[in-house]
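S.K.: Structural data only, the sequence is not supplied:
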């Protein structure tokens with residue numbers, strides 16, 4: 001809070017922000033304004049709602065503080081920036097950017113918002129440090145009334161997910177984030193403008209690509225599909241490498257690489273599952289020559305963004321919000337990202353500098369490193385306000401039931417108005 005205190009011009013929103021962060025770190029079942037207010041010991045959700053909607057503070061400035069905080073506590077050689085999107089399933093059509101669209105969160109087409117995020121990952125840990133809410137082109141950008149109702153600024157226009165990703169990457173590099181590499185899934189790897197922008201910046205990338213991607217081999221003379229290249233590689237080309245440790249131990253795959261284009265720094269990287277034979281493809285570029293193992297490492301680091309989303313949603317309520325306004329979305333998401341970065345920094349600060357047996361952890365009897373959930377458990381116990389009195393519990397019960405009664409009356413009134421007369 002000392003780091004971000006100057007972003008709040010008045011003491012009231014500053015105090016609300018502190019209460020909001022503590023409540024995000026608490027054991028509250030759902031982390032919307034009502035439950036966060038109850039957790040903080042407030043009599044009503046008004047202060048939390050004002051913090052997200054009307055209070056004067058700049059969420060992007062707090063985002064900048066968050067990014068600096070993450071680099072300060074997690075920075076290490078070999079840092080990687082990871083771009084990915086996640087969905088937020090919603091009801092209704094008033095939430096900023098919501099529409100029926102495919103989201104990997106649900107694994108199908110749902111009524112949802114989609115946010116593009118940038119994660120920073122090193123050997124010390126990983127954290128989300130930037131975010132952009134996608135604004136659909138047809139259902140939102142051309143509807144001024146809908147935009148005004150959701151508080152979307154006039155300066156915000158439709159941009160593709162790779163374009164939003166590049167804005168975040170450029171901002172991170174401009175802010176001095178030490179990251180030699182960027183990685184992302186096919187949605188970003190298939191965009192030639194994003195790859196070109198990274199090359200112009202001198203930043204290496206390992207981007208996932210579809211099996212149908214066409215690459216140029218034989219010094220650029222032959223244009224061929226990526227899966228066709230894989231099928232023609234001799235057995236001696238494949239090498240076994242560990243793509244990083246997962247929850248169940250090292251992730252060993254067979255890997256192969258082949259030069260593409262006309263220079264020495266552009267490659268097609270191919271991963272083969274040693275059990276199923278399933279293939280995955282990556283387009284790679286580096287400003288200097290690097291070994292295969294380095295490309296493999298970066299590709300493996302890319303999976304950690306899913307761990308960030310899982311921790312952010314499961315531990316600090318990234319997707320628990322009940323807001324519709326553009327400003328409110330960015331404020332809640334930023335504070336949730338900050339809470340997660342705090343837990344990650346604590347976990348990193350307690351990690352041992354060396355391991356008794358890093359290559360054979362099963363041979364060690366030492367406890368595993370502290371994780372984000374394990375850090376949050378004692379923290380929330382120490383900083384949780386004293387148990388609510390019976391009077392306060394009854395107060396919130398009455399508040400909830402009055403609120404539900406109001407919502408029910410509005411629903412019935414709307415249904416009655418929609419029914420035909422007679």
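M.R.: That came through, no problem. Model, not experiment: these values are computed from the prediction.
S.K.: State the mean pLDDT of stretch 177-193.
M.R.: Taken as a whole, stretch 177-193 carries a mean pLDDT of 96.
S.K.: neighbouring contacts of that stretch?
M.R.: With contact meaning C-beta atoms under 8 Å, 6 or more residues apart in numbering, stretch 177-193 is reached by 67, 71, 75, 78-85, 120, 129, 160-163, 165-166, 169, 172-173, 194-195, 198, 203-210, 213, 282-283, 298-299, 301-302. In short, each C-beta sits where N, CA and C put it, glycine included.
S.K.: most residues in a single strand of this protein, which one?
M.R.: strand 108-122 (DSSP state E).
S.K.: So which bits of the helix or strand that that strand is followed by are buried?
M.R.: The C-terminal neighbour of strand 108-122 among helices and strands, as given by DSSP states H and E, is strand 125-133. Across strand 125-133, burial judged by 16 or more other C-beta atoms under 10 Å covers 125-133.
S.K.: strands paired with strand 125-133, and their directions?
M.R.: strand 108-122 (antiparallel) (DSSP bridges).
S.K.: So for the strand it pairs with, what gets flagged as buried?
M.R.: Under 16+ other C-beta under 10 Å, the buried positions of strand 108-122 are 110-122.
S.K.: Same question for stretch 83-96.
M.R.: 83-88, 90, 95-96.
S.K.: Could you tell me how far the spatially most central residue of the chain is located from residue 176?
M.R.: With distances taken as C-alpha atoms, centre = their mean, residue 117 lies nearest the centre of the chain, 4.3 Å away. Separation of residue 117 from residue 176 (C-beta to C-beta, to the nearest Å) stands at 20 Å.
S.K.: Same question for residue 134.
M.R.: Relative to residue 176, and taking C-beta to C-beta, residue 134 is found at 27 Å.
S.K.: Ok, residue 160 next?
M.R.: 27 Å.
S.K.: who's more crowded, these two?
M.R.: residue 160 (16 against 9; other C-beta atoms under 10 Å).
S.K.: Chain neighbours aside, what residue packs nearest to that one?
M.R.: Leaving aside its sequence neighbours, residue 160 sits nearest to residue 191 (C-beta to C-beta, 6 or more residues apart in numbering; 7.4 Å).
S.K.: What of residue 289?
M.R.: Here the residue nearest residue 289, using C-beta to C-beta, 6+ apart, is residue 264, at 6.0 Å.
S.K.: so what pLDDT did that neighbour get?
M.R.: 84.
S.K.: doesn't residue 290 make contact with it?
M.R.: No: using C-beta atoms under 8 Å, residue 264 is not in contact with residue 290; the gap is 10.4 Å.
S.K.: neighbour-wise, which of these two wins?
M.R.: residue 290 (17 against 10).
S.K.: can you pull the pLDDT of the closest residue to the more buried one other than its chain neighbours?
M.R.: Spatially, and ignoring its direct neighbours in sequence, residue 290 is nearest to residue 204 (7.5 Å; C-beta to C-beta, 6+ apart). pLDDT recorded at residue 204 is 97.
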